[in-house]
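>>> build me a model:
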Amino acid sequence: MKKRELGNSGIYVSELGLGCMSFPDDLDEVKNIIDVALEAGINFFDTADLYADGKNESLVGDVMKGRRDKIILATKVGNRRSPGEDGWHWDASKAYIMEAVKDSLRRLGTDYIDLYQLHGGTMEDNVSETIEAFEALKKEGVIRQYGISSIRPNVIKRFLMNSSAISVMMQYSLLDRRPEEWFPMIREAGASVITRGTLAKGLLTDEGLTRVRKMDGFVAYDSEALKSTVDKLHESAKDMHALALAFNLKEDAIASALIGASSKEQLLDSIVAYEKEVEQSELSSVPQLTEAHRYEQHRS
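This is a model prediction of the structure:
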């Protein structure tokens, strides 16, 4: 599997990254998934303290034992749970980040995180304080680099312009092309894009034609436009799954395309699709079948 540099960090991640959010709550099954990933050359694993109330980090940490050096590990911070309360609230304060990282390190069973990401962000945040926390952790060696996971252009731009962040995680796929407008800005800031939602909730896999009939819409597509677009994509693609991955990875701003997997079989499907050759003519023509929507909110 090919690797790409995250920003200008010297950290090289596999073109396919494994999003851990959809892992099952079973250690043996998670081990099977991660074993398959590592064998295929996937070295980039993304979790968050929010997933399964921290259990996801613990599962990843347990499976990672004895092979930490083979893994580029990413997790996230900012969604704070309070004891005795349901749900969580947003907290991007320095004090919270400096404490939350300790809990993530404990659950992950490691003494450092390769990529620590702000799990959201608002224009009301004290961004200087947030960045100060990440820089302090980087200086301490607790984290190697940091980034942000957000779809809000104004939040992303302010964060990048005032920090040494190396990555932006954004939902991006053939069916959600809104980030394209912002790729040049991210690239110029010395950062890379990490894509989530790469397969658009399975719409860009062999199951897409079935799944789309059960959906009321997706991003800016209403139900009918979505069905029509997905039908056209599947009609034109030699292999929809392979085309979806290749479409994301044709962008030089993108370092890694995250895929989720709740079983090793699901992961193997994506690995096989990644390894298939997709013709340049197909990559060039397929954007004409979809809409390049734009973010209408959070622009200034």
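>>> buried residues in stretch 50-58?
Of all the residues in stretch 50-58, those buried under the rule 16 or more other C-beta atoms under 10 Å are 50-52, 54, 56-58. For every residue, glycine as well, the C-beta is placed using N, CA and C.
>>> now those in a markdown table, with pLDDT and distance to residue 251?
Converted to a markdown table, the buried residues of stretch 50-58 look like this (pLDDT from 0 to 100; distance: C-beta to C-beta, whole Å):
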| residue | pLDDT | distance to residue 251 |
| --- | --- | --- |
| 50 | 84 | 27 |
| 51 | 81 | 26 |
| 52 | 80 | 31 |
| 54 | 81 | 33 |
| 56 | 91 | 28 |
| 57 | 93 | 29 |
| 58 | 94 | 34 |
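>>> what is the nearest of these to residue 138?
Using C-beta to C-beta, residue 57 is the member of the buried residues of stretch 50-58 that sits closest to residue 138, with 19.8 Å.
>>> packing partners for the one helix or strand that closest one maps to?
Element membership for residue 57, per DSSP states H and E: helix 55-64. With contacts taken as 3 or more C-beta pairs under 8 Å, 6 or more residues apart in numbering; DSSP states H and E, helix 55-64 sits against helix 27-39, strand 72-77, helix 94-108.
>>> show me what it is in contact with.
20-21, 23, 25, 27, 30-31, 34, 45, 47-49, 51, 71, 73, 75, 104, 107-110 (C-beta atoms under 8 Å, 6 or more residues apart in numbering).
>>> so how do I select the buried members of those residues in PyMOL?
A single PyMOL command suffices to select whichever of the contacts of helix 55-64 are buried according to 16+ other C-beta under 10 Å:
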select buried, resi 20+23+30+34+45+47+48+49+51+71+73+75+104+107+108+110
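>>> ok, of the buried residues of stretch 50-58, which one's closest to residue 79?
Nearest member of the buried residues of stretch 50-58 to residue 79, counting by C-beta to C-beta, is residue 50, at 4.5 Å.
>>> OK, contacts around residue 258?
Contacts of residue 258 (C-beta under 8 Å, 6+ apart): 16-19, 46, 169, 194-196, 198.
>>> just curious, which of those is nearest to residue 225?
residue 198 (20.8 Å).
>>> hang on, isn't the closest one packed against residue 246?
No: between residue 198 and residue 246 there is no contact under C-beta atoms under 8 Å: 10.9 Å.
>>> more crowded one of those two?
Higher neighbour count among residue 198 and residue 246: residue 198, with 27 against 21, using other C-beta atoms under 10 Å.
>>> quickly find the element holding the more buried one.
Counting by DSSP H and E, residue 198 is found in no helix or strand.
>>> next one: it from residue 112, what distance?
Distance, residue 198 to residue 112, by C-beta to C-beta, to the nearest Å: 27 Å.
>>> residue 1 now?
23 Å.
>>> let me see the ranges of the strands in the stretch 51-200 of the chain.
72-77, 79-80, 89-90, 113-118, 143-149, 167-171, 192-196 (DSSP state E, counting those that start in this stretch).
>>> nearest to residue 299, out of those?
Taking the strands of the stretch 51-200 of the chain one by one with C-beta to C-beta, strand 167-171 is closest: 14.8 Å.
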